[in-house]
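Enquirer: I would like the atomic coordinates for the input below:
(one chain, ligands or ions: 1)
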Amino acid sequence: MKIDLAGKVALVTGSATGIGRAIAEALSASGARVALNHFGQSGLIAGLLDALGDGARAFDADVTDATAVQHMVAQVEAQLGPIDILVNNAGILLEKPFLELTENEWDRVIAVDLKSVFLCSQAVLRSMQPRGCGCIINVASELAYLGRAEFSAYCAAKAGVVGLTKSLAREFAPAIRVNGIAPGPTDTAMLSLDQLSPAWRIKELAIPAGRAAGPEEIAATAVFLASDFARFYYGQVLSPNGGALML
Ligand SMILES: NC(=O)c1ccc[n+]([C@@H]2O[C@H](COP(=O)([O-])OP(=O)(O)OC[C@H]3O[C@@H](n4cnc5c(N)ncnc54)[C@H](O)[C@@H]3O)[C@@H](O)[C@H]2O)c1
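Expert: Numbering: from 1, shown residues only. You can find the predicted model right below:
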């Protein structure tokens, strides 16, 4: 089974690092031209641009800012052509006891992890819908289903991503396919001890697989969902999670 995305244009948010970077690399390796969204990470993106070659372009934009998102989508379409594949990947994590969570912290997590999916999807769907084709892939988390003490804003946002994925899938079917991915623990900066307390890091890895995923293992799911092999998938949230959650 060979996935060929030649002729397709993909926009990946938060692609300077981690899962987004791996998704951008994998889409490019399958033939897509890739728009690399980042948020002020020009240094990291420069290396990725070099690696991906002529088909890739970088776009610096805060995906929580409606004006910046609209400008980015217009620039991507002007430089690469209409967007066929949108991957809403950008995200942040916040570990904090619920009673200490401030309103600003709550708003920021919801903005990056959920509002960005609304803004980017709406901006891209405005041109996808008249063309009558395209696909959107939203990166949620296994924690959308499990919940977790001291990660309330993150879990609420990711559960919102799952609901938004299913709603958009119903609203834009059959022409446009909207699906999601709910990864388990994945070896990126988000899972580092800068982000997680040691106790949670240990619990994260106590799953049937006994290890965290590599970002490329999550990227494989994104490439599949973007491909014609997934043409009967609508509103599905696939779970490469090492057995952390078995539904
Ligand atoms: N690592 C895991 O264990 C794991 C598990 C489940 C889900 N996820 C999800 O995967 C996605 C990618 O996370 P990751 O693990 O690669 O971590 P990461 O921190 O390496 O990647 C997140 C990316 O989002 C970008 N970003 C943050 N705010 C942004 C903004 N306002 N505008 C544009 N970009 C912004 C960051 O710059 C970063 O490049 C996230 O949505 C995360 O919630 C990760």
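Enquirer: mind listing the helices for this protein?
Expert: Secondary structure of the chain (DSSP state H): helices at 18-29, 42-52, 66-80, 103-110, 116-131, 143-146, 152-172, 198-205, 215-226.
Enquirer: count of neighbours near Arg231?
Expert: 10 (other Cβ atoms under 10 Å). Heads up, the C-betas are built off the backbone N, CA and C, glycines and all.
Enquirer: ok, it touching Ile176?
Expert: No. Counting by Cβ atoms under 8 Å, Arg231 stays clear of Ile176, with 11.7 Å between them.
Enquirer: before we move on, the earlier item: just so I know, which of the helices of the chain lies nearest the ligand?
Expert: The ligand lies closest to helix 18-29 among the helices of the chain, at 2.2 Å (Cβ to the nearest ligand atom).
Enquirer: what angle sits between the closest one and helix 215-226?
Expert: Interaxial angle of helix 18-29 relative to helix 215-226 (axes from the mean of the first three to the mean of the last three Cα atoms, to 10 degrees): 50 degrees.
Enquirer: Okay, buried residues for helix 18-29 please.
Expert: Residues Gly18, Ile19, Gly20, Arg21, Ala22, Ile23, Ala24, Glu25, Ala26, Leu27, Ser28 are the ones in helix 18-29 that count as buried (16 or more other Cβ atoms under 10 Å).
Enquirer: restrict these to contacts with the ligand.
Expert: Among these, the ones lying near the ligand by Cβ under 6 Å from any ligand atom are Gly18, Ile19, Gly20.
Enquirer: could you dump those residues to CSV with pLDDT?
Expert: Formatted as CSV, those follow (pLDDT from 0 to 100):
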residue, pLDDT
Gly18, 98
Ile19, 98
Gly20, 98
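Enquirer: Just put these in TSV and tack on distance to Gly184.
Expert: What follows is those, written out as TSV (distance: Cβ to Cβ, whole Å):
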residue	distance to Gly184
Gly18	14
Ile19	12
Gly20	17
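Enquirer: residues near Gly7, how many?
Expert: 10.
Enquirer: One more: Ile3?
Expert: When neighbours are counted by other Cβ under 10 Å, Ile3 comes out with 18.
Enquirer: Report the contact partners of it.
Expert: Listed by Cβ atoms under 8 Å, 6 or more residues apart in numbering, the contact set of Ile3 reads Ser30, Val223, Phe224, Ala226, Ser227, Phe229.
Enquirer: Tell me how far it lies from Tyr154.
Expert: 31 Å (Cβ to Cβ, to the nearest Å).
Enquirer: for Ala10, same thing?
Expert: Distance from Ala10 to Tyr154, by Cβ to Cβ: 25 Å.
Enquirer: With Glu103 instead?
Expert: 16 Å.
Enquirer: Looking only at neighbour counts, state which of those two leads.
Expert: Between Glu103 and Tyr154, Tyr154 has the larger neighbour count (other Cβ under 10 Å), namely 26 against 7.
Enquirer: thinking that one is in contact with Ser141, fair?
Expert: Yes. Counting by Cβ under 8 Å, Tyr154 touches Ser141, with 7.4 Å between them.
Enquirer: What are the neighbouring residues in contact with the closest residue to Ser197 other than its chain neighbours?
Expert: Sequence neighbours aside, Glu95 is the residue nearest to Ser197 in space, at 6.3 Å (criterion: Cβ to Cβ, 6 or more residues apart in numbering). Listed by Cβ under 8 Å, 6+ apart, the contact partners of Glu95 are Glu150, Phe151, Gln195, Leu196, Ser197, Trp200.
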